[in-house]
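In: Here is my input, please return the structure:
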Amino acid sequence: MIKKSFYYITHWEIWHWFAKYIIIGPAWLWLCLRAKSLWFFTASNPSITFGGFIGESKSEIYKQLPVGTYPRSVYAEPHEDLHGIAEQLEELGLAFPLAVKPDIGMMGFMFRRIDSIEQLKQYHTAIPVRYIIQELVTYPIEVSVFYYRFPDQQKGHITGFVKKEFMEVQGDGKRTLKELISSYPRAQYRLNELFSKHESKLDNIVPKGEIYCLSYALNLSRGGRLISLATEKDDRLLALFDKISLHSKTFYYGRYDIKCSSIEELKQERNFSILEYNGSGAEPHHVYGNGYGFFEACAVLVEHWNILYKISQHNYDRGIPRWKHSDAVAFTKMARKHFKALKVIDEQFELDSYVTPMRSADYLTSSEEISNRVLINN
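Out: Predicted coordinates for the structure are as follows:
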């Protein structure tokens, strides 16, 4: 117990978000006062719902990226006939294994690898919102690039570049999966979730040398590990993200999550795929991957908030509206309800041994309903 407590105290990155942000909260409130709006950030990325702070859909992001820079995808509705979905997959030449995830999601909730039509049927039955089925990108490296560009400039800035590593354990031929998870430091604060997610395999002895992935989501919040690539930032990398940002014309502030064959080939604009783009709500992941102390990380976060404010204010001054307070409050409540319910489903869901939960009108707001709340008014 003492060892566990010491680990928690000395690893600030695993603290609850409130504990991390309470200290710098006044800085955010000061920016709201300067802007005379709690929702100043909604003008930051004008072509993304809510500026990309929360509740934006992946489909709207993909539509604004250059063709070929993101995975081939099929969008499925929960009550859609599975046979029709399978036909769409065949038309696009998509074959198993595939990746699935909610169109509107966060923190890797309900992201899964699907290896068969039977598993797809399980997922389709379980998820009550619009979701994406896409080619499983198998490039070996996943990175995050935090990029911003001021609206009156053609060249932007890369503030963060990190590599992500899966949350996984290695078998020794003696211990069960449950024992391996229990002894894994990065799993100590996610034990109930991981035991639930891998329930049917907990008593299996993992063969010696075999790597067992506990989560295919590489988010830090889902157990992923971040490693600094700060020394790899150069003009070629910046040129690539300038090009991508300028293609949409209105991606000014956010984080790209990408898979690539190598860092060098990414810089050569080859063999990479953009998995996600997170807008004004994106956290600069390099505060976790660069070896910062807690207060150093706080300073980096505040610096990024100031940049977000300047971009948002610049757009507002040239006529880009902010969201009205009533609309923003309603949208935020709806999005939080959506994500809370996704979290519940994610903790229950295990492929091949999943029992479909009861659905109710209050269980989960549909993605379509959230997407329809694009309420930016002139």
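
In: can you pull out the helices in the chain?
Out: Under the criterion DSSP state H, the chain contains helices at 2-10, 17-21, 25-35, 58-62, 82-91, 117-126, 177-182, 191-197, 235-248, 263-267, 286-289, 294-317, 325-348, 367-371.

In: Pick the most buried one from these.
Out: Mean neighbour count (mean count of other C-beta atoms under 10 Å) peaks for helix 286-289 among those, with a mean of 22. All C-beta spots, glycine's among them, are computed from the backbone N, C-alpha and C.

In: And that helix, how far out from the chain middle?
Out: Relative to the chain's own centre, helix 286-289 is displaced by 15 Å; criterion: C-alpha atoms, centre = their mean, to the nearest Å.

In: now the helices of the chain as a markdown table including mean pLDDT?
Out: As requested, those are arranged in a markdown table below (pLDDT from 0 to 100):
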| stretch | mean pLDDT |
| --- | --- |
| helix 2-10 | 58 |
| helix 17-21 | 78 |
| helix 25-35 | 97 |
| helix 58-62 | 96 |
| helix 82-91 | 96 |
| helix 117-126 | 95 |
| helix 177-182 | 90 |
| helix 191-197 | 82 |
| helix 235-248 | 96 |
| helix 263-267 | 98 |
| helix 286-289 | 83 |
| helix 294-317 | 96 |
| helix 325-348 | 94 |
| helix 367-371 | 42 |
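
In: Distance to residue 257 added to these, as TSV?
Out: Shown next, in TSV, are the helices of the chain (distance: least, C-beta to C-beta, whole Å):
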stretch	distance to residue 257
helix 2-10	27
helix 17-21	19
helix 25-35	24
helix 58-62	11
helix 82-91	23
helix 117-126	21
helix 177-182	25
helix 191-197	21
helix 235-248	13
helix 263-267	13
helix 286-289	13
helix 294-317	17
helix 325-348	18
helix 367-371	20
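
In: among the ones you listed, which is nearest residue 138?
Out: Minimum separation from residue 138 across these (C-beta to C-beta) falls at helix 263-267, 14.2 Å.

In: who touches that closest one?
Out: Helix 263-267 has contacts (C-beta atoms under 8 Å, 6 or more residues apart in numbering) with 141, 143, 229, 232, 234, 236-237, 240, 258, 260, 271-272.

In: Pull out the buried residues from these.
Out: The neighbour count (16 or more other C-beta atoms under 10 Å) marks 141, 143, 229, 232, 237, 240, 258, 260, 272 as buried among the contacts of helix 263-267.

In: beta partners of the closest residue to the last one other than its chain neighbours?
Out: Closest residue in space to residue 272, ignoring its immediate chain neighbours: residue 260 at 3.9 Å, by C-beta to C-beta, 6 or more residues apart in numbering. According to DSSP bridges, residue 141, residue 272 are recorded as the beta-bridge partners of residue 260.

In: what's the most distant pair in the contacts of helix 263-267?
Out: 234 and 271, at 17.9 Å, using C-beta to C-beta across the contacts of helix 263-267.

In: and the closest residue to residue 55 other than its chain neighbours, what does it touch?
Out: Among residues not flanking residue 55 along the chain, residue 335 sits closest, at 3.6 Å (C-beta to C-beta, 6+ apart). The contact partners of residue 335, by C-beta under 8 Å, 6+ apart, come to 50, 54-55, 104, 370.

In: What subset of those is buried?
Out: By 16+ other C-beta under 10 Å, these give 50, 54-55, 104, 370 as buried.

In: Now for the residues you listed: which two are most distant?
Out: For those, the farthest-apart pair by C-beta to C-beta is 50 and 104; their separation is 11.0 Å.

In: Name the residues contacting each of those two.
Out: Common neighbours of residue 50 and residue 104 (C-beta under 8 Å, 6+ apart) are 56, 335.

In: contacting residues around the closest residue to residue 59 other than its chain neighbours?
Out: Excluding its sequence neighbours, the residue lying closest to residue 59 (C-beta to C-beta, 6+ apart) is residue 103, at 5.5 Å. Contacts for residue 103 (C-beta under 8 Å, 6+ apart) come out as 57-59, 75, 129-132, 367, 371.
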